[in-house]
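Structure, please.
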Amino acid sequence: MRDALLVAVIALAAGPLAAVEIQLSSDPPLPVANLAQNPGMEEGQDDQPAHWRWGTATPDNFVTEWADTGQTGARSLYLKAHSGKMSGYWSQAVEVEPGREHVFKGFYRLGGGRILCRVHGKAQQGAEVAQVDERVYFGSMRGHWLVPVFIPEEALAGADPEEWYPFRVAAKIPEELRSVSLSVGMYFTPGEVSFDDVWFGLARTTLKVKIEAGEDQLKEIRIWSDQREEPLFASPEGASLPATFEKVLEDVPADAVYRVGVTTADGQRTARDYPEQGGD
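As a prediction, the model looks like this:
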């Protein structure tokens, strides 16, 4: 087992021998690798983004661009559908770890229509077929042909066309698959959309926390994730905590940032993020 170990030693007010040591590790180590190629859409040449390919059965129904604006950086993937007679997608093939859950996430800016973000793949061995097809849809009524003559713009629900919004797709990969396709595009509606800053990688990890209190007495320990409001773990109020505290959290999201907060009996507090977010 490979563990990425992060150790922080923080001296408290009790003196040089009084310290709290927080050790954080995980399997697989965080941050896990982004398996998507050209995830920020910045690479390419001749007006074509590297690793991303456009596909549709009706090319004349679409306008596509390697656009010169993005959520971050200078580029994004853009497409516009003139009608809903066919769907069309930007896609790339990505290698996976068979039998493991993966996550596909990123950001979209929607000017109207319905979009699809998808993880899909199929493998056939004899009569047996193994496949995965996980997807999420998002839609907006903005740009509808009834606006503004029959429906006022302010009456329509939908995303702000100037804002970027996140998407996230979780997919359990069958043992038989070695690669899948990541696809983002317009789903049988007229409209326009841009995509940027995608990430695809292992979805779950096991987090290990070890706290060495030294000569200090621990009063409270909390473990948070940036993906939920409530703590993943909170020591019971008034509980007697050992000088060496260990906690294992299994099957937690691998695309999260975790924070361990420690309070000692004399009121001193310290915290540590894992993986580190640019230092203390």
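
pLDDT on the host helix or strand of Val184, on average?
Per DSSP states H and E, Val184 falls inside strand 179-186. When pLDDT is averaged over strand 179-186, the result is 98.

ok now the very next helix or strand once past it, how far from the chain's centre?
Using DSSP H and E, the helix or strand that follows strand 179-186 in sequence is strand 191-202. Counting by CA atoms, centre = their mean, to the nearest Å, strand 191-202 is centred 10 Å from the centre of its parent chain.

Which elements pack onto strand 191-202?
Helices and strands touching strand 191-202, by 3 or more CB pairs under 8 Å, 6 or more residues apart in numbering; DSSP states H and E, are strand 76-81, strand 101-125, strand 179-186. Heads up, the C-betas are built off the backbone N, CA and C, glycines and all.

what angle separates the first one from strand 191-202?
What it means is strand 76-81. 140 degrees (axes from the mean of the first three to the mean of the last three CA atoms, to 10 degrees).

Then the second one?
Orientation of strand 101-125 against strand 191-202 (the same axes, to 10 degrees) gives an angle of 90 degrees.

Pop out the phi and psi values for Asp60.
With angles defined as degrees, to the nearest 10, Asp60 sits at phi -70, psi -10.

show me the contacts for His102.
Leu35, Val96, Val119, Ala170, Ala171, Ile173, Val180, Phe200, Gly201, Leu202, Ala203 (CB atoms under 8 Å, 6 or more residues apart in numbering).

Go again with 7 Å.
His102 makes contact with Val96, Ala171, Ile173, Phe200, Gly201, Leu202, Ala203 under the criterion CB atoms under 7 Å, 6 or more residues apart in numbering.

Just grab the bridge partners of it for me.
Ala171, Leu202 (DSSP bridges).

Distance of it relative to Thr270?
Distance, His102 to Thr270, by CB to CB, to the nearest Å: 34 Å.

Does Ser80 touch Val63 like I think?
Quick fix: residue 80 reads Lys, not Ser. Yes: taking CB atoms under 7 Å as the definition, Lys80 is a contact partner of Val63 at 4.4 Å.

Looking only at neighbour counts, state which of these two leads.
It is Lys80, of Lys80 and Val63, that has more neighbours when counted by other CB atoms under 10 Å, with 20 against 12.

hang on, the earlier thing: list the strands paired with the strand holding Val184, with their directions.
Here, using DSSP bridges, strand 179-186 pairs with strand 88-95 (antiparallel), strand 101-125 (antiparallel).

quick revisit: can I get the helices and strands packed on strand 191-202 in CSV with distance to Gln227?
Shown next, in CSV, are these (distance: least, CB to CB, whole Å):
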stretch, distance to Gln227
strand 76-81, 25
strand 101-125, 11
strand 179-186, 21
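
Asp27 is nearest to which of these?
Asp27 lies closest, by CB to CB, to one member of the helices and strands packed on strand 191-202: strand 101-125, at 14.7 Å.

For the closest one, give the mean pLDDT please.
Rounded mean pLDDT across strand 101-125 is 95.

go on, stretch 137-146?
Mean per-residue pLDDT for stretch 137-146: 71.

now swap in stretch 211-231 and tell me
Rounded mean pLDDT across stretch 211-231 is 93.

Same check on stretch 44-53?
Looking at stretch 44-53 alone, the average pLDDT works out to 96.

For Trp54, list the residues it contacts.
Applying CB under 7 Å, 6+ apart to Trp54 gives the contacts Thr64, Trp90.

Kindly apply the preceding question to Gln48 instead.
Trp66.

Pull up the gap between it and Asn61, please.
Between Gln48 and Asn61 the distance, using CB to CB, works out to 20 Å.

doesn't Val252 make contact with Lys208?
No: Lys208 is beyond contact range of Val252, at 10.8 Å (criterion: CB under 7 Å).
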